[in-house]
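Q: Model the structure of this input:
(chains A and B)
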2 protein chains.
Amino acid sequence: MARALTDVDALELIRAGSTGRLGCIDNNEPYVVPINYLLDDGAIYSHSLPGKKTNAMRAHRRVCVQVDDAEGDFLGWRSAIAFGDFEEIAQEHEREVFLEKLLTRFPKLTPVESTMAHDAGAPDSIVFRIVIDRVTGVEEE
Amino acid sequence: MARALTDVDALELIRAGSTGRLGCIDNNEPYVVPINYLLDDGAIYSHSLPGKKTNAMRAHRRVCVQVDDAEGDFLGWRSAIAFGDFEEIAQEHEREVFLEKLLTRFPKLTPVESTMAHDAGAPDSIVFRIVIDRVTGVEEE
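A: Numbering: from 1, shown residues only, chains lettered A, B, ... in the order given. Model prediction:
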């Protein structure tokens, strides 16, 4: 049977994870993509090249990130979802701080992303946070 | 660099997978949950106990399923999304056929689900398909 996680346990699952699935709404249609992220002070941080995902979030700021530890089958899995509002980080110092944190946590970013992250002048990479205002989660016993 | 998958390759990734993330829209908010599924004749089949997920899909039939082979980091990953419309399978024979197929493919369903799948009278399990009308995909090279 599935049973609800407490908010504390759901947030802990999200904190412990590093890969999630970002859900956003693009022209009244759901859109889901994998992201690497880190949780910092109640917000999920990630970055992206401009594209469909960032366009969708700019147009419809309400998004979610789903994180689970399911592996192949669904015995004993746990899944959590954080809901929140998309915020683009425009302030240059803050942007650099979180880009560096993301790069430290995910050293295996693709070469193009690593190059961009180390080049403070790279204008294309969008750094953003999702300010969490609700979490839910379930576990299968 | 990320590059687009052909529709054929995106569909093949979905066909080869068994765990995806269902994206739906619940009261103008995206909602993402892991599902086990199978692809059959251009549609994604799965089942669920009644709840938030099925309520959301009944209210807003446009959904997507995202499938990837990312493992921990994002070197060499591929991700595909199938978009389509939710359809509940109400016809009893068809419902039994797909419940059996799902159970055969996923023998490690939780005990409660296995019991239900083998009990033709179990009324609670909702069997549904997502009739795919568009796929997209990307791979990281």
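
Q: List the residues that contact the residue nearest in space to the middle of chain A.
A: Closest to where the C-alpha atoms of chain A average out (Cα atoms, centre = their mean) is A:Tyr37, at 4.5 Å. By Cβ atoms under 8 Å, 6 or more residues apart in numbering or on different chains, the contact set of A:Tyr37 is A:17-20, A:44-46, A:65. Quick note: C-beta positions are derived from backbone N, CA and C, even for glycine.

Q: One more pass at 7 Å, please.
A: When contacts are counted by Cβ atoms under 7 Å, 6 or more residues apart in numbering or on different chains, A:Tyr37 touches A:18, A:20, A:44-46, A:65.

Q: What ranges does chain A have for its strands?
A: In chain A, the segments counted as strands under DSSP state E are A:2-4, A:19-26, A:29-36, A:38-40, A:43-48, A:62-68, A:78-88, A:126-140.

Q: With mean neighbour count and distance to B:Lys101 as added columns, please give those strands in CSV.
A: Converted to CSV, the strands of chain A look like this (neighbours: other Cβ atoms under 10 Å in any protein chain shown; distance: least, Cβ to Cβ, whole Å):
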stretch, mean neighbour count, distance to B:Lys101
strand A:2-4, 12, 22
strand A:19-26, 24, 25
strand A:29-36, 21, 24
strand A:38-40, 18, 39
strand A:43-48, 21, 37
strand A:62-68, 25, 24
strand A:78-88, 20, 24
strand A:126-140, 19, 21
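
Q: I'd like these as TSV, with distance to B:Arg95 and mean pLDDT appended.
A: Converted to TSV, these look like this (distance: least, Cβ to Cβ, whole Å; pLDDT from 0 to 100):
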stretch	distance to B:Arg95	mean pLDDT
strand A:2-4	22	85
strand A:19-26	28	96
strand A:29-36	25	95
strand A:38-40	41	96
strand A:43-48	38	96
strand A:62-68	27	97
strand A:78-88	26	97
strand A:126-140	23	94
